[in-house]
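> how does the following fold in three dimensions:
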Amino acid sequence: MKFFKPLFGLLALAAVSATVVTLPANADNKRKWLSGTVVLETKSIGFIVGAQWGRGNLRYKGRAYRIRVRVFEAGVIGAQVTTFTGKVWNMRSLRDIEGTYAAAGAAGALGAGASIAVLENSKGVIIELRGTSAGLAAKIAAKGFDIRLR
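Reported below is the predicted structural model:
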């Protein structure tokens with residue numbers, strides 16, 4: 001048990017260090033137009049390698065569409081439920097929401113159970129998310145954030 005306490009502390013410190021707010025130069029220089037909003041609820045579980053999955057709603061051109069989210073993570077220990085709300089930018093059509101997203105701008109921890117992220121897919125769609133979490137998990141990195149229409 002004594003072995004796991006320092007290890008968990010080290011992983012928690014690494015997770016916080018990895019989520020320091022960063023702004024790449026290209027994120028501020030892009031022209032954006034508001035396309036819609038999203039509300040997502042995800043669940044995650046993992047030990048070293050983890051998975052996060054969830055569902056939500058996209059509000060686009062006055063209509064609501066159901067979406068599915070999957071995230072594959074590295075350096076995860078624990079289980080967590082997270083609710084995200086956010087804005088969607090630069091959609092030209094409904095199908096533009098689909099794809100794999102990568103970090104495109106600010107990302108970080110706002111305090112106990114709160115986080116922010118800016119993600120972008122290959123079609124130039126940007127999603128700015130704010131999340132609140134319940135549960136206990138330490139994460140070092142997320143990879144493969146995938147959104148699909150249901």
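> just the pLDDT at the nearest residue to residue 121 once chain neighbours are set aside, thanks.
Sequence neighbours aside, residue 99 is the residue nearest to residue 121 in space, at 3.7 Å (criterion: CB to CB, 6 or more residues apart in numbering). In this view, the C-beta of every residue, glycine as well, is placed from N, C-alpha and C. Note on residue 99: pLDDT of 96.
> isn't residue 99 right up against residue 145?
No: counting by CB atoms under 8 Å, residue 145 is not a contact partner of residue 99; they are 9.4 Å apart.
> and the strands in the chain, which stretches?
For the chain, the strands defined by DSSP state E cover 34-60, 63-89, 99-111, 114-120, 126-149.
> could you list the buried residues of the first one?
This points to strand 34-60. Of all the residues in strand 34-60, those buried under the rule 16 or more other CB atoms under 10 Å are 35-38, 40, 42, 44-46, 50, 52, 54, 56-58, 60.
> quick revisit: in the sheet, who's paired with the residue nearest to residue 121?
Counting by DSSP bridges, residue 99 is bridged to residue 147.
> what's the burial count for it?
16 (other CB atoms under 10 Å).
> what does residue 122 give?
Neighbours of residue 122 (other CB under 10 Å): 10.
> same question for residue 128.
Other residues lying near residue 128 total 19 when counted by other CB under 10 Å.
> then residue 78?
Neighbourhood size, residue 78 [other CB under 10 Å]: 17.
> and the closest residue in space to it that isn't next to it in sequence, how far from residue 34?
Leaving aside its sequence neighbours, residue 78 sits nearest to residue 137 (CB to CB, 6+ apart; 3.2 Å). Using CB to CB, to the nearest Å, residue 137 is found at 31 Å from residue 34.
> does residue 119 touch residue 99 like I think?
No: in this structure residue 119 lies outside contact range of residue 99 using CB under 8 Å: 10.0 Å.
> quick check, residue 49 in contact with residue 71.
No: contact between residue 49 and residue 71 fails when scored by CB under 8 Å: they sit 11.8 Å apart.
> residue 95 and residue 119, how far apart?
Taking CB to CB as the measure, residue 95 falls 17 Å from residue 119.
> likewise residue 137?
Distance of residue 137 to residue 119, computed by CB to CB: 19 Å.
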